[in-house]
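1. Pasted the sequence and its predicted model underneath.
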Amino acid sequence: MNGVALVTGGSSGIGAATVKAFLAKGVRRVVIADVSPLEDAVSAWQAEFADAQLLAVKTDVAQESEVVALIAAAVDKFGRIDYAVNCAGVSGGGAFAEFSTETWDRTTGVNERGVFLCMREQLKVMAEQEWAKDERRRQRGAIVSVASLCGQVAIPQSAAYIASKHAVIGLAKSATLEYAGKGIRINCVAPGWIETNMTQTARAKVIYDWGTKPDRTPMGRGGIPEEIADVIVFLCSEEASFVTGTTWNIDGGYMCF
């Protein structure tokens, strides 16, 4: 693969694994966005892939001005965006009747509004790019947003997270109907229980005990970020050139129940 990749939430977890997966596949121009510090991660990638051109942009995806600035910085640096991965996300919970407005706004702000803002600006850029030369695999760009199994099913005390991840899938389907004919593919991945910082929190352990823990999946284990990243990069690649508007469950078989 070549071209330019952009990954939000790229400092750790699935986002960081996705950045490395792009680099391992030959992509050498990568924009990494996150609200958390990026210096250590970028230094490590630069040491491993010396010829890579990496642009780190501190970004809160819930803020429109920061998303607009991120996309502008990417285009200013590299001239285009071929692959965009919307991975930035947060988790917030509580009993439904006691759910705070602040928690709701922050969770949906990052997970739902953030994905919408990123997709909107990414689509503006991709729609103006030239078509790929391969007549059988013609495209102008590919977008993958990270949803969750919680975008298709529900768990208790997680209203904002559930709603926002359902919205991520809905956004991808809606945009697909408008942009599939314009050469832009848009898909989602829906991870199950993945070993990241988010799933190590006290909040996550409540969900874990309730019903999504790894030993309740047919494969009997949780996933690792790299297993999600590999599917994301595949969906961005020309091997997936006829795939759009889909949600790929990456869950060890959990959704078979």
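-> That came through, no problem. Numbers count the residues shown, from 1 in each chain.
2. I'd like the distance between residue 169 and residue 124.
-> Shown here: residue 169 relative to residue 124, a distance of 22 Å by C-beta to C-beta, to the nearest Å. C-betas here are computed from N, CA, C, even on glycine.
3. Excluding sequence neighbours, find me the nearest residue to residue 35.
-> Excluding the flanking residues, the one nearest residue 35 by C-beta to C-beta, 6 or more residues apart in numbering is residue 60, at 4.8 Å.
4. so what's residue 250 up against?
-> Residues near residue 250 by C-beta atoms under 8 Å, 6 or more residues apart in numbering: 189-192, 223, 227-228, 231.
5. Check residue 7 too.
-> 15, 18-19, 22, 30-33, 84-85, 87.
6. As TSV, these with distance to residue 162 would be great.
-> Converted to TSV, the contacts of residue 7 look like this (distance: C-beta to C-beta, whole Å):
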residue	distance to residue 162
15	21
18	23
19	28
22	30
30	31
31	30
32	28
33	25
84	24
85	22
87	18
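7. Most widely separated two among those?
-> 22 and 33 (13.8 Å; C-beta to C-beta).
8. Strands of the stretch 101-250 of the chain, start to end?
-> Taking DSSP state E, counting those that start in this stretch, the strands of the stretch 101-250 of the chain run over residues 141-146, 184-191, 247-250.
9. per-residue confidence averaged over the shortest one?
-> Averaged over strand 247-250, pLDDT sits at 97.
10. How far does it sit from its chain's centre?
-> 12 Å (C-alpha atoms, centre = their mean, to the nearest Å).
11. Now for the chain, the helix or strand with the poorest mean pLDDT.
-> Each helix and strand of the chain was given a mean pLDDT (mean pLDDT, DSSP states H and E); the minimum falls on helix 202-207 at a mean of 55.
12. Could you check how far the residue nearest the centre of the chain is from residue 229?
-> By C-alpha atoms, centre = their mean, the chain has its centre lying nearest to residue 87, at 2.7 Å. Using C-beta to C-beta, we find residue 87 at a distance of 9 Å from residue 229.
13. any shared contact partners between the two?
-> Common neighbours of residue 87 and residue 229 (C-beta under 8 Å, 6+ apart) are 14, 18.
14. before we move on, the earlier item: could you tell me which of the contacts of residue 7 belong to strands?
-> Judged by DSSP state E, strands contain the following of the contacts of residue 7: 30-33, 84-85.
15. now, which of those sits nearest residue 131?
-> Taking the ones in strands among the contacts of residue 7 together and measuring to residue 131 by C-beta to C-beta, the closest member is residue 84, at 17.2 Å.
16. Can you get me a residue count around the closest one?
-> Residue 84 has 28 neighbouring residues, counting by other C-beta atoms under 10 Å.
17. mind checking pLDDT for it?
-> 98.
18. doesn't residue 141 make contact with it?
-> Yes. The pair residue 84 / residue 141 is scored as a contact, 7.0 Å apart, by C-beta atoms under 8 Å.
19. Mind checking which of residue 169 and residue 124 has more residues around it?
-> Shown here are residue 169 and residue 124; by other C-beta under 10 Å, residue 169 has more neighbours (20 against 13).
20. Without its sequence neighbours, what residue ends up closest to that one?
-> That would be residue 151: by C-beta to C-beta, 6+ apart, it lies 4.7 Å from residue 169.
21. ok, that neighbour to residue 45 distance?
-> Residue 151 sits 29 Å away from residue 45, going by C-beta to C-beta.
22. Now list whatever residues contact both of residue 84 and residue 141.
-> With C-beta under 8 Å, 6+ apart as the test, residue 84 and residue 141 both reach 122, 126.
23. The residue nearest to residue 35: what's it in contact with?
-> By C-beta under 8 Å, 6+ apart, the neighbours of residue 60 are 35, 66, 110.
24. Make sure it is indeed in a helix.
-> No. Going by DSSP: H, G, I helix; E, B strand; the rest coil, the assignment for residue 60 is coil, not a helix.
25. If I look at it, what pLDDT would I see?
-> Taking residue 60 on its own, its pLDDT is 98.
26. For the remainder of this discussion, apply numbering that starts at 779.
-> Okay, residue one is now 779; in that scheme the one you just asked about reads as residue 838.
27. Alright, that wraps it up for me.
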